[in-house]
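S.K.: 3D, please:
(one chain, ligands or ions: 1)
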Amino acid sequence: MKKKLFYLITNLIFGLVSAYSQKPNFIVIFTDDQGYGDLGCYGHPTIKTPNLDKMASEGQRWTNFYSAANVCTPSRAALLTGRLPVRNGMESNQRRVLFPDSDGGLPASELTIAEMLKTANYATGMVGKWHLGHLPQYLPTKNGFDTYLGIPYSNDMDRAAGLSRDEFFSPESKNYKVPLIKNEKEIERPTDQTTITKRYTDESIRFIKENKNKPFFLYLAHSMPHIPLFSSKEFEGKSERGVYGDVIEEIDWSVGEILKTLKSLHLDKNTYVLFTSDNGPWKIFNEHGGSAGSLFGGKGTCYEGGMRVPFLVWSPQNIKPAVISDIGSTLDMLPSICQLAGISVPSDRTIDGYDLSEVWKKKIEVRETKCYITTARNFLR
Ligand code: MG
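M.R.: Residues are numbered from 1 along each chain as shown. Take a look at the predicted model:
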């Protein structure tokens, strides 16, 4: 009991000290192929996302926020570099994303958010889907991240020969020989995808706890809800929206666990949590794909449904709650994070994003909307 009390008091003192003396922590949670309309706070009538909805009501929910690309690889490169794919090298007229037989990756000359934050002595960790080059020289640990646990490309790649399209609808992990990599070493192949969201969450919490005494940056890029869909036993068959709903509800649970961890360590006041998606829903897979709400189009298209994504930013005491209808983009993450960390953006190259930190703090005038949710039209699919 004495030991516990000592621990609690120490933790509280540490939390208070760190809140007022440290540079802020950053957690970017990036989902894969999750549509604009898939969260309760964006109007979905049946998928239950209480943790994300709470995050939205305590922070800011943006209604005109855009990914920099409509497919995985260029979208991720843009988020991490603050530069359009046409500048950072992750765009091609041959292939739209990297594949297991690709020999390229994010050029070493590019600077990621992690590399920028390393200059300010941040601890940096990546968990989840990378998709910016699977060869050793391109892995997250070569791009500013101290630690990495995740899959190097999409969860449908390295597929067993002869699988039909229907296999996507009742998938088995063994049919996708996707490796799970820890730092630079393959530790599992094929990756058991049924536990992937849970294991990403455990690793994220481990990283937060291990680095609670110094500023940190965690980039958690979920493999889900990219098809084929997998959820753990606890979430299987639970959602009214079927398998896709199960997957989103597990991601929502994961967000809740991370916020709970921040609160228990008294890090919530000094941590910015940013949540968004890499591109719109993969609608060609019908009910296994998500919903872009009332927007036309989905993944792979340049219509609104392919590019406009949910964006939530949460940091009690720092973020002024609002629903923002001004335009923002994943390109803006790097300049905003650099500004809040007190470091300058690279001056030797074009940075396409803008610093949104003043908007998050509402220190400048912005367009807001009173409309809490978007129309539910087209959600029932
Ligand atoms: Mg994607």
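S.K.: how much space between residue 254 and residue 312?
M.R.: Summarising the geometry, the distance separating residue 254 from residue 312, computed by Cβ to Cβ, to the nearest Å, is 14 Å. For glycine as for every other residue, the C-beta is placed from the backbone atoms N, C-alpha and C.
S.K.: the more surrounded of the two?
M.R.: More neighbours sit around residue 312 than around the other of residue 254 and residue 312, counting by other Cβ atoms under 10 Å; the figures are 25 against 22.
S.K.: name the element that one belongs to?
M.R.: strand 311-314 (DSSP states H and E).
S.K.: so for that strand, mean pLDDT?
M.R.: Taken as a whole, strand 311-314 has an average pLDDT of 98.
S.K.: output the contacting helices and strands for that strand.
M.R.: Packing partners of strand 311-314 (3 or more Cβ pairs under 8 Å, 6 or more residues apart in numbering; DSSP states H and E): helix 50-58, strand 60-66, strand 271-277.
S.K.: hmm, 10 Å instead?
M.R.: Helices and strands in packing contact with strand 311-314 are listed as helix 50-58, strand 60-66, helix 242-264, strand 271-277, strand 322-329, helix 333-341, helix 357-360; criterion 3 or more Cβ pairs under 10 Å, 6 or more residues apart in numbering; DSSP states H and E.
S.K.: off-centre distance for the second one?
M.R.: By that I understand strand 60-66. Relative to the chain's own centre, strand 60-66 is displaced by 15 Å; criterion: Cα atoms, centre = their mean, to the nearest Å.
S.K.: the very next helix or strand once past it vs the ion: in contact?
M.R.: Read in the C-terminal direction, the helix or strand following strand 60-66 is helix 72-81, with elements assigned using DSSP H and E. Yes: using Cβ under 5 Å from the ion, helix 72-81 reaches the ion at residue 72.
S.K.: show me what whichever helix or strand comes after helix 72-81 is packed against.
M.R.: On the C-terminal side of helix 72-81, the nearest following helix or strand under DSSP H and E is helix 85-88. Counting contacts by 3+ Cβ pairs under 10 Å, 6+ apart, helix 85-88 is packed against helix 72-81.
S.K.: what helices and strands are in contact with the helix it packs on?
M.R.: Using 3+ Cβ pairs under 10 Å, 6+ apart as the contact criterion, the elements in contact with helix 72-81 are strand 25-31, helix 85-88, helix 113-118, strand 216-221, strand 271-277, helix 333-341.
S.K.: right, and these - which one's nearest the ion?
M.R.: For these, proximity to the ion was assessed by Cβ to the ion; strand 271-277 is nearest, at 7.6 Å.
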